[in-house]
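Asks: got a structure for you, letters missing:
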């Protein structure tokens, strides 16, 4: 296929994906559905992917959207946010306990109810660590397709459904005041903010920090806004466009999905999500009560979703993205450190059990009898 034709095809796929995502986002966003631009794009693009449309978001556009989102997320950091950081270590400790209990509950559910092997159940239970879970699963021979499907169902349902649940609980934050009219000074400040935040994003990406682009930009923007050095922020239209791109990325995960496999595993994914979310919810409400933290912030911070999706969701719901992002980064680091150790322990125990079984199956050696003496 000629290069020009290939480029044309990619542009057509991109245009179709963005049109579908924008239409879905507009339906819910203009109807003032909580986090509607993000949720609507996810649902619309996922439906198109399941209908065999060639939806796709190129890496360059995805990376640009992550940087834009990071800058916008960091702009929500205020001096009040900094003053509340003293309670975060205790919340992070409760999060670690919630993760351990939640993962154990999901592993038990998948193993006992759906007869999954322990390793596949463990990888499917990993909250937010899909790429590492799939890499370890490939090394151990676990069921990659089922793990990816259950993880994808969890991200889709959480990101699209959690806003409605939080709205029902009445724990969504207040809409921030409208941005002031841009001036020459504010535009220069904004240009400096974009340049410095983009540099921070690239640095975090180079050192392989989890969610590096969005986290790096958010960290730099958060420091600048939290300290009062910078007050400018990107136009809301850019944030909405980034919501659509991120929603399209999540929805496009279902491209090429076997519809029959999806039907078979949807119930499994819903069950695992309910178990994991129930455990996380118990710990979230306990942490909010013990530490006097906003319930909505803690629920999204403890939710077993992806870093980029949950942090962006917090921003779209007018919650505290810095609090949520810090907890999800800690979750990813915890998963990265602990999961390989747990996998090693399970494999070692399994190989020890197999060795013991083989020894039991071997026949008992017969006692040697001395040879008879021959006569003269």
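Replies: Cool, the structure landed. Just so it is clear, the model here is predicted, and its values are computed rather than measured.
Asks: where's the closest residue to residue 157 other than its chain neighbours relative to residue 79, distance?
Replies: Closest residue to residue 157 apart from its sequence neighbours, by Cβ to Cβ, 6 or more residues apart in numbering: residue 273 at 5.8 Å. To be clear about C-beta, it is placed using only N, CA and C from the backbone, and glycine gets the same treatment. Relative to residue 79, residue 273 is positioned 37 Å away (Cβ to Cβ, to the nearest Å).
Asks: And these two? Which one has more around it.
Replies: Per other Cβ atoms under 10 Å, whichever of residue 273 and residue 79 has more neighbours is residue 273, with 21 against 10.
Asks: Which helix or strand contains that one?
Replies: For residue 273, the element it lies in under DSSP states H and E is helix 259-291.
Asks: Buried residues, that helix. List them.
Replies: 265, 268-269, 271-273, 275-277, 279-281, 283-284, 287-288 (16 or more other Cβ atoms under 10 Å).
Asks: quick revisit: right, and the residue nearest to residue 157 touches residue 152 too?
Replies: No. At 11.1 Å, residue 273 does not count as touching residue 152 under the criterion of Cβ atoms under 8 Å.
Asks: how many other residues sit next to residue 127?
Replies: With other Cβ under 10 Å as criterion, residue 127 counts 27.
Asks: Which residue is the nearest non-sequential neighbour of it?
Replies: Per Cβ to Cβ, 6+ apart, closest to residue 127 is residue 304, 3.4 Å.
Asks: what residues are up against the one you found?
Replies: For residue 304, the contacting residues are 102, 127, 128, 154, 158, 273, 276, 277, 280, by Cβ atoms under 8 Å, 6 or more residues apart in numbering.
Asks: Throw the residues you listed into CSV and include distance to residue 28 and pLDDT, thanks.
Replies: Compiled in CSV, these are given as follows (distance: Cβ to Cβ, whole Å; pLDDT from 0 to 100):
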residue, distance to residue 28, pLDDT
102, 29, 92
127, 25, 76
128, 24, 66
154, 20, 84
158, 16, 85
273, 21, 90
276, 25, 91
277, 22, 91
280, 25, 93
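Asks: Which of those residues sits closest to residue 211?
Replies: residue 128 (9.4 Å; Cβ to Cβ).
Asks: just checking, residue 329 touches residue 211?
Replies: Yes. If you go by Cβ under 8 Å, residue 329 and residue 211 touch, sitting 6.9 Å apart.
Asks: any residues in contact with both of those two?
Replies: residue 307.
Asks: pLDDT score for the residue most central in space within the chain?
Replies: Compute the mean C-alpha point of the chain, and by Cα atoms, centre = their mean the closest residue is residue 306, 0.7 Å away. If you check residue 306, the pLDDT there is 80.
Asks: My guess is it contacts residue 152. True?
Replies: No. Judged on Cβ under 8 Å, residue 306 makes no contact with residue 152 at a distance of 10.0 Å.
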